[in-house]
Structure formats: structure tokens, C-alpha cells
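Enquirer: what follows is a predicted structure for the sequence shown.
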Amino acid sequence: MKILIVDDDKEIVQLLEIYVRNEGYEPVAAYNGKEAMTKLNTNPDIALIILDIMMPEMDGMAVIKQVRKDSGIPILVLSAKTTDMDKIQGLVTGADDYVTKPFNPLEVMARVKSLLRRSKGDVTNDQPDVLEVGPLTINKDSHEVKTISGNTIQLTALEFGILYLLASHPNRVFSADDIFERVWQQESVVSAKTVMVHVSHLRDKIEAATGGEKVIETVWGVGYKVEAH
């Protein structure tokens with residue numbers, strides 16, 4: 001399994017290559033955004049991107065926007081920018097997770113493994129393989145979400161995980177911490193803003209595909225739920 005590491009700091013790339021190899025993955029290196037896009041186009045089996053934000057020629061945000069036009073591949077952002085707004089901007093653009101520099105490589109690899117589990121469809125519960133909620137049909141095995149009219153909604157692994165979690169427990173309210181720990185499969189860290197951004201993306205995609213149907217409800221001060229129909 002290949003992991004694309006993108007950073008203009010060669011020492012960081014070399015460090016992450018060591019840890020990626022130690023976990024049994026094959027690293028692919030790029031040192032700016034343009035090179036990253038070339039590597040993606042020539043390595044269709046890349047399973048995840050570890051991506052710096054501030055780079056020459058084409059920055060990380062531009063890479064995320066380009067990738068998200070036609071791919072739900074997991075993206076883990078590494079950045080020296082540490083404010084909440086910087087993190088939210090990365091997530092709004094389409095990243096799945098965010099680690100600030102300086103970082104612990106072991107934490108980075110823990111996030112990588114968590115994202116890869118989600119992208120492989122590792123939904124660990126005994127719920128049915130296919131769920132129907134409102135105008136949506138959700139297939140756990142294929143990670144597909146379709147509307148009544150047959151349109152497929154392209155979701156990232158984490159967006160699918162959130163939707164499946166809520167849909168498989170109708171009427172149950174999940175807090176942001178609950179969602180983060182179950183879907184990201186990590187202990188909750190600044191989860192509220194992260195979950196809020198992903199839920200917002202998920203809602204936008206569902207409403208665009210269904211003509212405005214509201215599937216996910218916010219229970220203010222508590223969390224999110226999907227109502228049984």
C-alpha cells in the first residue's frame with residue numbers, strides 16, 4: 001500500500017518515509033504541490049496523502065481542492081499553522097485530519113492507520129450491510145450512498161463513517177466527542193470543530209444530491225442525529 005508524503009522540507013519527508021516503511025507501507029515522496037499531483041496521476045494505487053500546506057509552486061490547499069474534484073482519498077495535513085481557524089480552513093477545503101508541526105511521528109502514523117481503516121470500510125458493528133434512511137440507501141460493504149433517483153453521492157471515508165454511524169442508530173443523539181472517537185477511532189482531541197466541519201460537508205453533499213433533503217439534524221448543545229422514518 002502506497003502513501004504519498006508531500007513536504008518541501010526533505011528532512012521531514014525522509015523521517016516520515018522511515019516510519020511509513022516501518023509500518024509496512026510504501027512511501028512515495030514529493031516536494032511541492034505540482035510534483036504531488038504528478039505522483040498521484042502516475043500512481044493510481046496511492047491510498048493516502050500526508051500533505052504539508054506551505055509549499056512552493058502549488059500549496060497544500062490547492063492540492064486538496066484539486067484532489068477533491070474527483071477523489072475521496074484520505075488526506076492528513078501537516079502544517080506549522082496552529083490556530084483553530086487554520087485547522088478549520090484545512091478541513092473545510094477537504095482534508096480529513098490535521099496534525100501541527102512540530103509533530104510526533106508516532107502520532108502521525110496512528111492517524112494514518114485510523115484513516116486507512118476508515119477508507120477500507122472497517123465499520124465495526126453488527127448493523128445491516130444496507131441501510132435506508134430518508135432518501136438515501138447506504139451500502140456498508142461498497143461504501144456507496146445513493147439517492148432514490150439512483151444518483152451516487154461521493155463521500156470521503158470519514159463522511160461515510162459519520163453518516164453510517166448516525167443512520168445505524170436512528171433517533172440516537174451522538175455528541176461530537178462520540179462521533180470523533182467512533183469514526184476517527186482515536187481519543188477526542190479538539191473534536192467539536194473537526195466533526196462540525198465534516199458534518200457540514202456531508203450535509204451539503206446530501207442536500208445537493210437530493211434537492212434539499214435534510215437527513216442529519218443538529219440537537220443544539222448536544223450533538224447530531226438521524227431520525228427514523
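Expert: Okay, I see it.

Enquirer: list the contacts of the nearest residue to Gly33 once chain neighbours are set aside.
Expert: Counting by Cβ to Cβ, 6 or more residues apart in numbering, Met58 is the residue found nearest to Gly33 once chain neighbours are left out, at 2.8 Å. Every C-beta, even on glycine, is put in place using the N, C-alpha and C of the backbone. The contact partners of Met58, by Cβ atoms under 8 Å, 6 or more residues apart in numbering, come to Asn32, Gly33, Lys34, Ala36, Met37.

Enquirer: same question for Ile138.
Expert: Ile138 makes contacts with Val130, Leu131, Glu132, Glu144, Val145, Phe160, Leu163, Tyr164, Ala167, as judged by Cβ under 8 Å, 6+ apart.

Enquirer: and the first one, bridged to which residues?
Expert: Beta bridges link Val130 to Asn139, judged by DSSP bridges.

Enquirer: what does Val145 give?
Expert: On the basis of DSSP bridges, Val145 takes part in beta bridges with Ile138, Ile153.

Enquirer: count of residues packed around it?
Expert: Burial of Val145, expressed as a neighbour count using other Cβ atoms under 10 Å, amounts to 25.

Enquirer: list the contacts for it?
Expert: Per Cβ under 8 Å, 6+ apart, neighbours of Val145: Leu136, Thr137, Ile138, Asn139, Thr152, Ile153, Leu155, Phe160, Leu163.

Enquirer: quick one, which of the residues you listed are buried?
Expert: Among the contacts of Val145, those classed as buried by neighbour count (16 or more other Cβ atoms under 10 Å) are Leu136, Ile138, Asn139, Ile153, Leu155, Phe160, Leu163.

Enquirer: SS state for Val112?
Expert: Per DSSP: H, G, I helix; E, B strand; the rest coil, the local secondary structure of Val112 is helix.

Enquirer: burial of it, as a residue count?
Expert: Val112 - counted by other Cβ under 10 Å - has 23 other residues nearby.

Enquirer: thought it was touching Met1?
Expert: No: using Cβ atoms under 8 Å, Val112 and Met1 do not qualify as a contacting pair, with a distance of 10.3 Å.

Enquirer: show me where this structure has its helices.
Expert: When secondary structure is read from DSSP state H, the chain shows helices at 10-22, 33-42, 60-67, 84-93, 105-119, 157-167, 176-179, 191-210.

Enquirer: what is the longest one packed up against?
Expert: By that I understand helix 191-210. Helices and strands touching helix 191-210, as assessed by 3 or more Cβ pairs under 8 Å, 6 or more residues apart in numbering; DSSP states H and E, comprise helix 84-93, strand 152-153, helix 157-167, helix 176-179, strand 216-219.

Enquirer: just the CA coordinates of it, formatted as PDB?
Expert: Taking Å, rounded to 0.1, in the frame of the first residue of the first chain, the C-alpha atoms of helix 191-210 are listed here in PDB:
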ATOM      1  CA  SER A 191     -13.100  17.100  18.100                       C
ATOM      2  CA  ALA A 192     -16.100  19.500  18.100                       C
ATOM      3  CA  LYS A 193     -14.800  21.800  15.400                       C
ATOM      4  CA  THR A 194     -13.400  18.900  13.300                       C
ATOM      5  CA  VAL A 195     -16.700  17.000  13.400                       C
ATOM      6  CA  MET A 196     -18.700  20.200  12.800                       C
ATOM      7  CA  VAL A 197     -16.800  20.800   9.500                       C
ATOM      8  CA  HIS A 198     -17.200  17.200   8.300                       C
ATOM      9  CA  VAL A 199     -20.900  17.100   9.100                       C
ATOM     10  CA  SER A 200     -21.300  20.400   7.300                       C
ATOM     11  CA  HIS A 201     -19.600  18.900   4.200                       C
ATOM     12  CA  LEU A 202     -21.800  15.800   4.500                       C
ATOM     13  CA  ARG A 203     -25.000  17.800   4.700                       C
ATOM     14  CA  ASP A 204     -24.100  20.000   1.700                       C
ATOM     15  CA  LYS A 205     -23.400  16.900  -0.400                       C
ATOM     16  CA  ILE A 206     -26.700  15.200   0.600                       C
ATOM     17  CA  GLU A 207     -28.800  18.300   0.100                       C
ATOM     18  CA  ALA A 208     -27.200  19.000  -3.300                       C
ATOM     19  CA  ALA A 209     -28.000  15.400  -4.400                       C
ATOM     20  CA  THR A 210     -31.500  15.200  -3.000                       C
END
